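Asker: just the structure for this:
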Amino acid sequence: MTVFRGFVDIIVLGSGCNKCTKTAEIIEKIANEMSTEVSVKKETSAEVMMSYGVMSTPAVVIDNALVHSGSIPHRDQIQTWLEA
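Answerer: A predicted model of the protein is given here:
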């Protein structure tokens, strides 16, 4: 698993459904708890999703790398991504 250090650029890919919104909220909450500086953007474009090969959402892209798709990520996964 890749660990991203410093400022983290995160994109949550999805249709804007509740799971996608919840994913973005959880990532921001955990980043705040960890005092990790993040930029969380939501992207609903099918073209962008396809460019990452995403077939199911929500999906999470960190620094241009797809790290998760198909469900709301678990807290321990998010913490691993954000560890400094």
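Asker: just the helices in the chain please.
Answerer: Applying DSSP state H to the chain gives helices spanning 18-33, 46-51, 75-82.
Asker: go through those helices and name the closest to V40.
Answerer: helix 18-33 (5.2 Å; CB to CB). All C-beta spots, glycine's among them, are computed from the backbone N, C-alpha and C.
Asker: okay, the closest one in CSV with CA atoms only?
Answerer: The C-alpha trace of helix 18-33 is given here as CSV (Å, rounded to 0.1, in the frame of the first residue of the first chain):
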residue,chain,number,x,y,z
ASN,A,18,-25.0,9.3,-0.5
LYS,A,19,-22.1,6.9,-0.4
CYS,A,20,-19.9,9.2,-2.5
THR,A,21,-20.7,12.2,-0.3
LYS,A,22,-20.1,10.1,2.8
THR,A,23,-16.8,9.0,1.5
ALA,A,24,-15.6,12.6,1.0
GLU,A,25,-16.9,13.6,4.4
ILE,A,26,-15.2,10.6,6.2
ILE,A,27,-11.8,11.3,4.5
GLU,A,28,-12.0,15.0,5.5
LYS,A,29,-12.9,14.1,9.1
ILE,A,30,-10.1,11.6,9.5
ALA,A,31,-7.6,13.9,7.9
ASN,A,32,-8.7,16.7,10.3
GLU,A,33,-8.3,14.3,13.2
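Asker: next, format the helices of the chain as a markdown table and append mean neighbour count.
Answerer: Putting these into a markdown table (neighbours: other CB atoms under 10 Å) gives the following:
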| stretch | mean neighbour count |
| --- | --- |
| helix 18-33 | 16 |
| helix 46-51 | 13 |
| helix 75-82 | 17 |
